[in-house]
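Student: okay, predicted coordinates and the sequence, questions at the end:
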Amino acid sequence: MLGRNYTWFVKPLDAKTNDSIALYIPAEDFGEYEVDEEKVKMWRCKRETVRQFNASRKSHTLKFEIYVQEGNGQIRKWKIREREKAAKHKKAS
């Protein structure tokens with residue numbers, strides 16, 4: 001991902017998660033963003049914030065989806081599970 005410009009988004013799937021996210025991300029970064037021609041309410045954030053939320057997903061029972069935008073491209077869902085499995089498999093080898 002070096003040399004590329006990415007924008008990250010966290011989409012809360014319940015009110016508890018939304019409230020938790022609101023404690024860490026400025027209110028001006030909450031908005032409606034277009035994903036597959038639909039408006040989706042999400043929080044814009046930094047990659048490090050995505051890592052922190054992903055790491056605390058189980059311990060805090062947070063429910064959310066991650067989206068990413070490369071440059072000015074379309075916002076797309078980031079497939080966390082597939083990337084985690086690949087990284088674990090690679091470490092085990």
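Tutor: Good, I have the coordinates. Small disclaimer: the values here were computed from a predicted structure and weren't measured.

Student: surely residue 60 and residue 21 touch.
Tutor: No: Residue 60 is beyond contact range of residue 21, at 10.8 Å (criterion: CB atoms under 8 Å). No exception for glycine: its C-beta is placed from N, CA and C like everyone else's.

Student: neighbour count: those two, which is higher?
Tutor: Neighbours were counted for residue 60 and for residue 21 using other CB atoms under 10 Å; residue 21 has more, 21 against 12.

Student: so that one sits in a strand?
Tutor: No: assessed with DSSP: H, G, I helix; E, B strand; the rest coil, residue 21 is helix; it does not lie in a strand.

Student: any idea how far residue 73 is from it?
Tutor: 24 Å (CB to CB, to the nearest Å).

Student: ditto for residue 4
Tutor: From residue 4 to residue 73 the distance is 10 Å (CB to CB).

Student: do the same with residue 17
Tutor: Distance from residue 17 to residue 73, by CB to CB: 26 Å.

Student: more neighbours, these two?
Tutor: residue 17 (19 against 11).

Student: quick check: which element contains the more buried one?
Tutor: If you go by DSSP states H and E, residue 17 is part of helix 15-22.

Student: lowest-confidence helix or strand of this protein?
Tutor: Taking mean pLDDT, DSSP states H and E as the measure, the chain has helix 80-92 as its least confident helix or strand, at a mean of 56.
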